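1. need a structure here:
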Amino acid sequence: MNNSVTNTARLLGAGLRALLVLTVVCGVLYPLAVTGVAQALFHSKANGSEITSDGKVVGSSLIGQQGYGLDYFQPRPANGLGENSVNTQYKLILSGATNRSGDNAELITWVKEAKAKVVKDNSTGDYKVRPSQVPADAVTSSGSGLDPDISPAYADLQVHRVAERNGLPVARVRKLVDQHTEGRTLGFMGEPRVNVLELNTALKDLAKG
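-> Numbering: from 1, shown residues only. Here you go, the predicted model:
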């Protein structure tokens, strides 16, 4: 009987010691080590790939934003373009596609309306945009509805409007777009892209200068 109680107490003590050690190692030391390495080697990514302007965080390069005035480059439309769309304001609480097929009448109407608006907004002075020039990402959302990037073609389409509204030379604004155009990942994955938030932040600094 005494031996049984002694063995039980010994096993219980060993279990509690193991619990304490594992709690300290796995619950304290390991997370601190991983956090330290992430902050040292991947500081920006570890903190959400934040972008700052005038010393303030204005967003993440990984998440698209809506609400830009026509003085700035426009992002892709949020998911859906109508009142019943899935995500009309890039709200982070909701992400997803409209799930409408390519021949859906409502979707076709949205796309036509969006294309007409792109043509109207970006036709300035002697520069006229033709409907055939409007790329697909200018009138359709991404699968998540939170895409932070647009195609170089869509960015280039907006150059004249942005230059005129900010009193900047077209060539200077186009150069800014080129400077913020990223190629395919590893040279072969995905498509060339332009991060809208990064581009607009640089545009704001250029316009102030």
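2. so what touches the helix or strand bottoming out on mean pLDDT in the chain?
-> Lowest by mean pLDDT, DSSP states H and E among the helices and strands of the chain is helix 43-46, with a mean of 74. Counting by Cβ atoms under 8 Å, 6 or more residues apart in numbering, helix 43-46 makes contact with Thr35, Ala38, Gln39, Glu50, all of which sit outside it. Just so you know, the C-beta spots here come from the backbone N, C-alpha and C atoms, and that holds for glycine as well.
3. quick one: which of the residues you listed sit in strands?
-> Secondary structure assignment (DSSP state E) places Glu50 from these within strands.
4. identify the residue with the minimum pLDDT among the contacts of helix 43-46.
-> Least confident by pLDDT among those: that is Glu50, with 79.
5. could you find the closest non-adjacent residue to that one?
-> Distances taken as Cβ to Cβ, 6 or more residues apart in numbering place Val57 nearest to Glu50, at 4.9 Å, with adjacent residues excluded.
6. and that neighbour, that's in a strand?
-> Yes: with DSSP: H, G, I helix; E, B strand; the rest coil as the criterion, Val57 is located in a strand.
7. and it, how many residues sit next to it?
-> With neighbours defined by other Cβ atoms under 10 Å, the count for Val57 comes to 11.
8. so it sits against Ile51, correct?
-> Yes: with contact taken as Cβ atoms under 8 Å, Val57 and Ile51 are classed as touching, separated by 7.2 Å.
9. any low-confidence regions in the chain?
-> Counting by pLDDT under 70, the low-confidence segments of the chain come to 1-2, 79-98, 145, 209.
10. all strands for the chain, in order.
-> For the chain, the strands defined by DSSP E occupy 50-53, 56-60, 149-150, 181-182, 193-195.
11. neighbouring contacts of the second one?
-> Taking contacts as Cβ under 8 Å, 6+ apart, the residues outside strand 56-60 that touch it are Gly48, Ser49, Glu50, Ile51, Thr52, Gln65, Pro148, Leu197, Thr201.
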